[in-house]
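Enquirer: Build me a model:
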Amino acid sequence: MHGDSRVVALVPAAGMGVRLGESTPKAFVPVGGSPMLALALQGLIASGSVDEVVVMVPAELVDETRALLPVSEIPIHVVPGGAERTDSVRAGLDAAPDATLVLVHDAARALTPPALIARVVAELRTGAPAVVPALPVTDTIKSVDATGAVTGTPDRSTLRAIQTPQGFDAQLLRAAYATTTQATDDAGLVELLGAVVRTVPGDALAFKITTPLDLVLANTLVAQGGTAVPVKRDQDREAVANS
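Expert: Below you'll find the model as predicted:
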């Protein structure tokens, strides 16, 4: 445990990833020979900022998931997720009753640098109730109506693309999930409670692997050693297990 806080990372990994064009849950699609989920977990472990991890997967894949977990000095639990992402996060919160600070991290952001994870946790420890990594928006953004006609052009200098892990005071996140409101991310739920969400600098490597092109980029980065996460191969895991 770090100081008087217990940091638990929740990793929803029950989504099918239809846009990726794969037949298996997205978190189990390999990047550089390792499942995305395994890479995401390695990043959390390497950050040195997390005390425990809870992974939420389809119920039928719980045993399979436990078999691919990376070697870790911190506990990693695997629990059944739900039909929707919000259901999975609720299941993760239920499995982490002792958490004082909670990270929610997309398994599909498999190459997220450990330093980014540490940055989110450090900001939480300053007393911020909610923290998200953010990158400036580089494209021009248009709002459109139902017919596709442009209705406005927001000033992109005030816009940010949000990544994960998103970090929260555990009581705040539990309160947010006690509501039935839907949001596109966890920060959106706590915003509805009136909480201030702080941003920290994000990282281009924390991109979400959503489309086939994203997968090509991720595989290329791993092949070229261009990730900030130490990629452990299966043989590395076997060597540690047999040592």
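
Enquirer: Arg156 reaches Leu135, doesn't it?
Expert: No. Counting by Cβ atoms under 8 Å, Arg156 stays clear of Leu135, with 11.6 Å between them. For every residue, glycine as well, the C-beta is placed using N, CA and C.

Enquirer: How about the spatially most central residue of the chain: what's its closest non-neighbour residue?
Expert: Among the residues of the chain, His105 comes closest to the average C-alpha position under Cα atoms, centre = their mean, at 1.7 Å. Among residues not flanking His105 along the chain, Pro165 sits closest, at 3.9 Å (Cβ to Cβ, 6 or more residues apart in numbering).

Enquirer: ok, how many other residues are close to the one you found?
Expert: Using other Cβ atoms under 10 Å, Pro165 is surrounded by 31 other residues.

Enquirer: Look up phi and psi at it.
Expert: phi -80, psi 140 (degrees, to the nearest 10).

Enquirer: and it, what does it touch?
Expert: Shown in contact with Pro165 (Cβ atoms under 8 Å, 6 or more residues apart in numbering): Ala9, Leu44, Leu103, Val104, His105, Thr112, Leu116, Ile117, Val120, Pro133.

Enquirer: Surely the fifth one touches Gln42?
Expert: No. Because the distance of 12.0 Å does not satisfy Cβ under 8 Å, His105 is recorded as not touching Gln42.

Enquirer: between these two, what contacts are shared?
Expert: Shared contacts of His105 and Gln42, defined by Cβ under 8 Å, 6+ apart, are absent.

Enquirer: And the closest residue to Asp203 other than its chain neighbours, how far from Arg156?
Expert: Spatial nearest neighbour of Asp203, chain neighbours left out: Leu116 (4.7 Å); criterion: Cβ to Cβ, 6+ apart. In this view, Leu116 and Arg156 are 22 Å apart by Cβ to Cβ, to the nearest Å.

Enquirer: Thr24 now?
Expert: 36 Å.

Enquirer: Which of the contacts of Pro165 fall in strands?
Expert: Mapping the contacts of Pro165 onto strands (DSSP state E) picks out Ala9, Leu103, Val104, Pro133.

Enquirer: Which one of those residues sits in the busiest neighbourhood?
Expert: Ala9 (32 neighbours).

Enquirer: On the pLDDT front, check that one for me.
Expert: Per-residue confidence at Ala9 stands at 98 (pLDDT).

Enquirer: and what of Ser243?
Expert: Value for Ser243, per-residue pLDDT: 32.

Enquirer: go on, Pro70?
Expert: Reported pLDDT for Pro70: 87.

Enquirer: what bits of this structure have low per-residue confidence?
Expert: 1-3, 16-23, 180, 226-243 (pLDDT under 70).

Enquirer: Quick one: the strands in it, in order.
Expert: Going by DSSP E, the chain shows strands at 7-12, 30-31, 34-35, 52-57, 76-80, 101-104, 130-136, 143-144, 150-152, 160-162, 166-169, 197-201.

Enquirer: residues touching Arg90, list them.
Expert: Taking Cβ under 8 Å, 6+ apart as the test, what Arg90 contacts is Gly82, Tyr177.

Enquirer: Now with 7 Å, please.
Expert: Contacts for Arg90 (Cβ atoms under 7 Å, 6 or more residues apart in numbering) come out as Tyr177.

Enquirer: Burial check on Asp139, number of neighbours?
Expert: 8.

Enquirer: List phi and psi for it.
Expert: Dihedral angles (degrees, to the nearest 10) for Asp139: phi -80, psi 150.

Enquirer: can you count the residues close to the residue nearest to it when sequence neighbours are not counted?
Expert: Sequence neighbours aside, Arg156 is the residue nearest to Asp139 in space, at 7.6 Å (criterion: Cβ to Cβ, 6+ apart). By other Cβ under 10 Å, the residues close to Arg156 number 13.
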